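A.B. asks: I would like to see how this sequence folds:
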Amino acid sequence: MVSMIPFGLLAGFVKGREVRITEVDESGFCFRTIEENISDSEALKVCFYDIKNGCYRELEIPEYDIQRFDMVDAELSGFYVKYKVMVKQKAYAEAVQRLLYQYNHYIHLKLEEDDSALAKSLTGYPGELDEVKCDSLEEQVGIWRRELTPEVLESAYNGKRIDLTDNCSQCGTGFKPGYKCQVPPESGVTELALEIDRPELYQEYLDSSLTEFSKKYAGKCIGICGSIILEHRVPDHLYIGNQFCHLLFPERKLLFKIIEKAAAEQVEITLVFSYIREYMLDYITELLDEINWWCEEKGQAVEIVVNDWGMASLVKKGRRNLIPSLGILLNKRRKDPRISFKKGEQKWFERNSLNAGFYRNFLEREYGIQRFEWESCGYEQQIPLGKNSLHIPFYQTNTSQYCPLGAVCETGERGRQKLAKKCPGYCTEYALLYPEHLHMIGRYNSLFGIDMRILKEEEILKNYIQNGVDRVVIRAW
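C.D. replies: Numbers count the residues shown, from 1 in each chain. Next up is the predicted model:
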């Protein structure tokens, strides 16, 4: 019998309970369980993972002979009992042969080929394109822009422009270009928000009027995003801060300058925090108190994006003017620009924990969280009931508190990362480049992909707006 088959490839069920299969061949298999008395009348099922098609295949075993083995090691006898099952079913023998062939093929590829060749053989991933990389961030962004030229967008959008009031029954779609809808958010109008997430944008906002800043911001955007901003004229909302790097949040004095300017311009703000390190707790606690006091004086509330459960607790604790929103790092889902190459059923990617009503109820009850931050990430997502903000067109795939870009700049080796408490701002000049066909880039302490689908296909953004998204947040590069 073949032993040590990974449990992810082979699973057994006895009386509806999963058991660990330890050995297998065409004539039967061995498994272990805590059950001491199992007869040949029990319902038995084996699940084989089909590596080629990326799915499990279940096989019922109606007839079999079962034999209990005494443990050689007496010390282990108190933990589990081992059984051997003999099967004469033809379908079972064929399933075992298929599994062993595919697993053997995988092992040979793993030993003899590199990762690209392995991925190409198993999924059709174009590994040869991994060698095609740009020489600079400017060149990479230029390629993205060329893929989204007016001619391409004219074809993709059929000459139409995305209007964020399309889902508003009170307003309709008869506005002239540049008109800013004045209907309050609860009416059904989708809000437009801009992300101000790094030092150069903080200063640019302070140095410009809101209208001028919006035009400059639109110029930094890719594809249809710039047109959406120009169509809306000025944003309804500003996101201040960075969800991924703890060092990119504005320092106290700069923060309150931005807040005061936004209040004077009558634009709503959301303060965006990343994870909170232990050494930052006292500072963040004091800062939240100051923000809360500012809100008391102004008679208004401020949204706070939380990406750390400790931060969620701090926001809830006696700070009634701070309204929490669940951030990207806590709204977890599988995101990867290579995900389209994955074989098998992909509809399960559409849902995550927020699609469970009991979880949303828990977040509201325990933390007062009713708004959720989402990213357009290359495939359709089922947006749940409630308040939902969709960030386009970039999506985060990985974040490290130990900055990989800083490690490369300081040591030349990505793996020599360390926690940064201060940073000279490497991300203002440098980025990590990846194969061009993946449409991804490394910025500050994270990796990002760009969702080209939502920039090319008109219906994707419209469907999100019509199915639960009440705020579109545009991220410039």
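A.B. asks: Which residue comes closest to Leu419 once chain neighbours are left out?
C.D. replies: Excluding the flanking residues, the one nearest Leu419 by Cβ to Cβ, 6 or more residues apart in numbering is Tyr402, at 5.6 Å. All C-beta atoms are positioned from the backbone trio N, CA, C, and that covers glycine.
A.B. asks: Gln417 is in contact with the one you found, correct?
C.D. replies: Yes: counting by Cβ atoms under 8 Å, Tyr402 touches Gln417, with 3.6 Å between them.
A.B. asks: Between the two, which is the more surrounded one?
C.D. replies: Set Tyr402 next to Gln417 and count neighbours by other Cβ atoms under 10 Å: Gln417 wins out with 19 against 13.
A.B. asks: how about the helices in the stretch 1-150 of the chain?
C.D. replies: Along the stretch 1-150 of the chain, counting by DSSP state H, counting those that start in this stretch, helices occupy 90-112, 115-123, 137-147, 150-157.
A.B. asks: which residues sit against the longest one?
C.D. replies: In other words, helix 90-112. 2, 5, 9-10, 24-27, 46, 48-52, 57, 59, 61, 87, 117-118, 121-122 (Cβ atoms under 8 Å, 6 or more residues apart in numbering).
A.B. asks: May I see the PyMOL selection of the buried members of those residues?
C.D. replies: Those of the contacts of helix 90-112 that count as buried under 16 or more other Cβ atoms under 10 Å are selected in PyMOL with:
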select buried, resi 5+9+10+24+46+48+49+50+51+59+61+87+118+122
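A.B. asks: Keep only those of the contacts of helix 90-112 that are in strands.
C.D. replies: Taking DSSP state E, the ones among the contacts of helix 90-112 that sit in strands are 2, 10, 24-25, 46, 48-50, 57, 59.
A.B. asks: Give the buried residues for stretch 82-100.
C.D. replies: 82-85, 87, 89, 92, 95-96, 99-100.
A.B. asks: give me the number of residues near Leu363?
C.D. replies: By other Cβ under 10 Å, the residues close to Leu363 number 20.
A.B. asks: Offset the numbering so it begins at 35, please.
C.D. replies: Yep, numbering from 35; the last one is Leu397 now.
A.B. asks: My read is that it contacts Gly391, right?
C.D. replies: No: with contact defined as Cβ under 8 Å, Leu397 does not count as touching Gly391 (10.8 Å).
A.B. asks: now the helices for the stretch 185-334 of the chain?
C.D. replies: 233-240, 244-254, 258-266, 286-298, 315-332.
A.B. asks: And the stretch 335-484 of the chain, by the same measure?
C.D. replies: Going by DSSP H, counting those that start in this stretch, the stretch 335-484 of the chain shows helices at 343-350, 391-401, 438-445.
A.B. asks: quick one on the thing from earlier: out of the ones in strands among the contacts of helix 124-146, which comes closest to Arg354?
C.D. replies: Nearest to Arg354 among the ones in strands among the contacts of helix 124-146 is Tyr83, at 51.2 Å by Cβ to Cβ.
A.B. asks: any idea how far the closest residue to that closest one other than its chain neighbours is from Val130?
C.D. replies: Among residues not flanking Tyr83 along the chain, Leu43 sits closest, at 4.4 Å (Cβ to Cβ, 6+ apart). Using Cβ to Cβ, to the nearest Å, Leu43 is found at 11 Å from Val130.
A.B. asks: Find residues that contact each of the two.
C.D. replies: Phe82.
A.B. asks: picking up where we left off before, out of the ones in strands among the contacts of helix 124-146, which is nearest to Glu238?
C.D. replies: Closest to Glu238, out of all of the ones in strands among the contacts of helix 124-146 and judged by Cβ to Cβ, is Tyr83, at 51.7 Å.
A.B. asks: and the closest one, what are its bridge partners?
C.D. replies: Note on Tyr83: beta-bridge partners Tyr90, judged by DSSP bridges.
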